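A structural model of the following input is requested.
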Amino acid sequence: IGFTSSKTQYRRQIWWHKQHPVYCIESQSDHSGFARRDRSAHLGNWCNPQVAVLQNAKPPFWPTEIEHQSQVDQWAEWAKINIALSFTGPVFWRVIRTAAAEHNQPAIRAAVTALEHKLAIAEAQLGRNKFLAGNSFCLADVQFGHILYRYYDIEITRKALPNLARYYGALPKGGPIGTT
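All right, here's what the predicted structure looks like:
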């Protein structure tokens, strides 16, 4: 049995997809706009073929109009770059993945303060809209909401952000997206 490095496997995947520009076959869909990658021959080179991918999503989860798609993209990217990166390492890992005796409380407080400065942008946006990119649950809310689950689930002191709290309470809980 031979083994290849992840770098070699990655290069093979990149080469393969340049040669075969087919990225996903819908095999199991819950009609949420997501599908699992099929382990068919053309996807055999993927390290994890069970990763959920966006496919055939319908409005309002993924709008048909380009100007609305750009709003969803903008807020999804904003959440990924500004919120996920400001929360996961600086706050979550310091609180959850570090032994309590080793918590650096000043660093955690400073990271939460920096994060909440960015969350104030969402607070203002959510004062105008029910959801992040408008008044319907969409892809941007998945990117943002999964971070908020951790934010509200860990023991930290939080600034009062009433629009954010209302929004978090309105996010679907469990089940296929759009059913709850």
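
okay, and for the chain, where does confidence drop off?
Low-confidence segments of the chain (pLDDT under 70): 1-56, 174-180.

Helices of that one, start to end?
Counting by DSSP state H, residue ranges of the helices within the chain are 6-19, 66-78, 85-87, 94-95, 105-128, 139-153, 162-170.

For the third one, which outside residues touch it?
Contacts made with helix 85-87 from outside it, assessed by CB atoms under 8 Å, 6 or more residues apart in numbering, are listed as 111, 114-115, 118, 147, 150-151. From N, CA and C alone the C-beta is placed, and that goes for glycine too.

what about 6 Å?
Applying CB atoms under 6 Å, 6 or more residues apart in numbering, the contact partners of helix 85-87 are 115, 118, 147.

How many neighbouring residues does the nearest residue to residue 168 once chain neighbours are set aside have?
Setting aside the residues directly before and after it, residue 168 is nearest to residue 148 in space (CB to CB, 6 or more residues apart in numbering), at 4.9 Å. Neighbour count of residue 148, defined by other CB atoms under 10 Å: 20.

picking up where we left off before, mind putting the helices of the chain in a markdown table, distance to residue 60 included?
As requested, those are exported to a markdown table (distance: least, CB to CB, whole Å):
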| stretch | distance to residue 60 |
| --- | --- |
| helix 6-19 | 30 |
| helix 66-78 | 8 |
| helix 85-87 | 26 |
| helix 94-95 | 34 |
| helix 105-128 | 16 |
| helix 139-153 | 10 |
| helix 162-170 | 14 |
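
Of those, which is nearest residue 57?
Counting by CB to CB, residue 57 lies closest to helix 139-153 out of the helices of the chain; the figure is 7.3 Å.

re earlier: and the contacts of helix 85-87, which of them are buried?
Among the contacts of helix 85-87, those classed as buried by neighbour count (16 or more other CB atoms under 10 Å) are 115, 118, 147.

Give me the neighbour count for the nearest residue to residue 157 once chain neighbours are set aside.
Nearest in space to residue 157, with sequence neighbours left out and distances taken as CB to CB, 6+ apart, is residue 112 at 7.1 Å. Using other CB under 10 Å, the number of residues around residue 112 comes to 22.
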